[in-house]
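Visitor: Kindly generate the corresponding structure for this input.
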Amino acid sequence: MTGVDATHVEQRPMPVPGPLDVLVEVRAVGVCGSDVHWYRDGHIGSTWVTEPLVLGHEASGVIVEVGADVSPERVGSRVAIEPGVPCGRCGDCRAGRYNLCSHVRFLATPPVDGAFASHLVIPSDFAHDVPDALDDDEAALIEPLAVALWAVRKAGVGLGDRVLVSGAGPVGLLVLQVARAAGADVTVCDLSDQRLSIALDLGAQRTIDVANEALSGEFTALVECSGAPSAVMAGVTALGRAGRAVFVGVARDGHVTLPLDIVQSREITVTGTFRYAHQYPDAIALACSGRLDLRRLVTSTHPLSGVHEALLLPGHDRSALKPMIHPQQDETTSA
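Guide: Below you'll find the model as predicted:
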């Protein structure tokens, strides 16, 4: 990314792993909503892109070189890349909340370059082995699956819960599948008939087109994935007594209004999520269990030279859930 709505593919020196790092040949990278925001708007909230930035953080690949203090047996391992590397020393890191580390270096978040590249250096501990049961695209989707798994766990979802998933984008559809795997009855709401149809295919017991139907029923848990202020208000209102609301989606301006009277009178628990911590091993195991369909989310694949088209797709086509970049397909063509 060289500016708003501007990309260029360039040759750079091959990165060199440090003692505890691995060099990964990148095989697949999913286009995330955050990539689209950086590209379309030039900022997310108060953080602006002020210099050229490599986008992409949902990545998988193969280890081709290791640092001096990493076992050489890791060479050749297929891995899912956990993109947020914390400092490991602050109070949050020491308490196990490394996703809240204020010194975290997260791929494709200024000024840290991301994974739309042929090769990437990452600390060995953040390159998680994946079995051959997962293909490269599925391995890249471990990152958003970790987001969904963290959200479902924060909501305390279990057997018999009645869960409302608000927003049928990629994360919402993953939340749906994780909640179903946990034994919940899941309703999904959205404005898109296409996406609601996919939700039914992926196991939703009920879908609601909120453009034509009001939310009804007393849900035990809400996982809000859209960030739309109207969806937040409607979702919280649809919770029953002692319900739990977890907010995953981010409002465009960062602010929404909550119905505080309902939160108080029903003793609703409200919390947010910020990425995830300690979720990759379980996300990989769940992806391999046969209980999820990750491939259903991959709607197109593109070479590195097609990154411009891939970044524009989600804004123009509601059926475009997860465009995938395959960097090894084309490393040199400018977009």
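Visitor: so where does residue 36 fall, helix or strand?
Guide: Per DSSP states H and E, residue 36 falls inside helix 33-41.
Visitor: what does residue 63 give?
Guide: Here residue 63 is assigned to strand 58-66, by DSSP H and E.
Visitor: Direction included, what does that strand pair against?
Guide: Sheet pairing of strand 58-66 (DSSP bridges) gives strand 21-30 (antiparallel), strand 78-81 (antiparallel).
Visitor: To residue 212, which of those strands lies closest?
Guide: strand 21-30 (30.9 Å; C-beta to C-beta). Where C-beta positions appear, they are placed from N, C-alpha and C, glycine not excepted.
Visitor: Report the angle between that closest one and helix 33-41.
Guide: For strand 21-30 against helix 33-41, the angle between stretch directions is 70 degrees (axes from the mean of the first three to the mean of the last three C-alpha atoms, to 10 degrees).
Visitor: For strand 21-30, give the mean pLDDT please.
Guide: For strand 21-30, the mean per-residue pLDDT is 98.
Visitor: please begin residue numbering at 826 from this point
Guide: Noted, 826 is the first residue going forward, which turns the last one into strand 846-855.
Visitor: List the buried residues in it.
Guide: 846, 847, 848, 849, 851, 852, 853, 854, 855 (16 or more other C-beta atoms under 10 Å).
Visitor: Make TSV out of these and add distance to residue 921.
Guide: Output for the buried residues of strand 846-855, formatted as TSV (distance: C-beta to C-beta, whole Å):
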residue	distance to residue 921
846	23
847	24
848	28
849	26
851	29
852	31
853	29
854	28
855	27
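Visitor: Going by distance to residue 1046, which of the residues you listed wins?
Guide: residue 855 (26.2 Å).
Visitor: Compute the number of surrounding residues for the closest residue in space to the closest one that isn't next to it in sequence.
Guide: Once flanking residues are discounted, residue 855 sits nearest to residue 883: 3.6 Å by C-beta to C-beta, 6 or more residues apart in numbering. Using other C-beta atoms under 10 Å, residue 883 has 32 other residues around it.
Visitor: same deal with residue 1034?
Guide: Neighbours around residue 1034, by other C-beta under 10 Å: 13.
Visitor: and if you look at residue 882?
Guide: 25.
Visitor: what separates it from residue 996, distance-wise?
Guide: 14 Å (C-beta to C-beta, to the nearest Å).
Visitor: Next: residue 938.
Guide: From residue 938 to residue 996 the distance is 23 Å (C-beta to C-beta).
Visitor: same deal with residue 971?
Guide: 10 Å.
Visitor: again with residue 1112
Guide: In terms of C-beta to C-beta, residue 1112 sits 15 Å off from residue 996.
Visitor: Residue 1124 against residue 1148, yeah?
Guide: Yes - the pair residue 1124 / residue 1148 is scored as a contact, 6.6 Å apart, by C-beta atoms under 8 Å.
Visitor: So for the two, which sits in the more crowded spot?
Guide: residue 1148 (25 against 16).
Visitor: Given the worst-scoring helix or strand of the chain on mean pLDDT, what are its sheet partners and their directions?
Guide: Counting by mean pLDDT, DSSP states H and E, the chain has its least confident helix or strand at strand 868-869, which shows a mean of 86. Strand pairing for strand 868-869, using DSSP bridges, gives strand 872-873 (antiparallel).
Visitor: Distance from the partner strand to the middle of the chain?
Guide: Chain-centre distance of strand 872-873: 19 Å, with C-alpha atoms, centre = their mean, to the nearest Å.
Visitor: same thing with stretch 1140-1154?
Guide: The answer for stretch 1140-1154 is 14 Å, by C-alpha atoms, centre = their mean.
Visitor: sorry, back to before: if you count what's nearby, which of residue 938 and residue 996 comes out ahead?
Guide: Comparing residue 938 with residue 996 by other C-beta under 10 Å, the one with more neighbours is residue 996, at 23 against 19.
Visitor: Contacts only, for that one.
Guide: By C-beta atoms under 8 Å, 6 or more residues apart in numbering, the contact set of residue 996 is 969, 972, 973, 976, 1050, 1073, 1074.
Visitor: What of residue 1002?
Guide: 973, 1027, 1028, 1116, 1117, 1118.
Visitor: Shouldn't residue 1095 be within a strand?
Guide: Yes - the assignment for residue 1095 (DSSP: H, G, I helix; E, B strand; the rest coil) places it in a strand.
Visitor: So what's the residue count around it?
Guide: So residue 1095, with other C-beta under 10 Å, has 15 neighbours.
Visitor: separation between it and residue 1049?
Guide: 10 Å.
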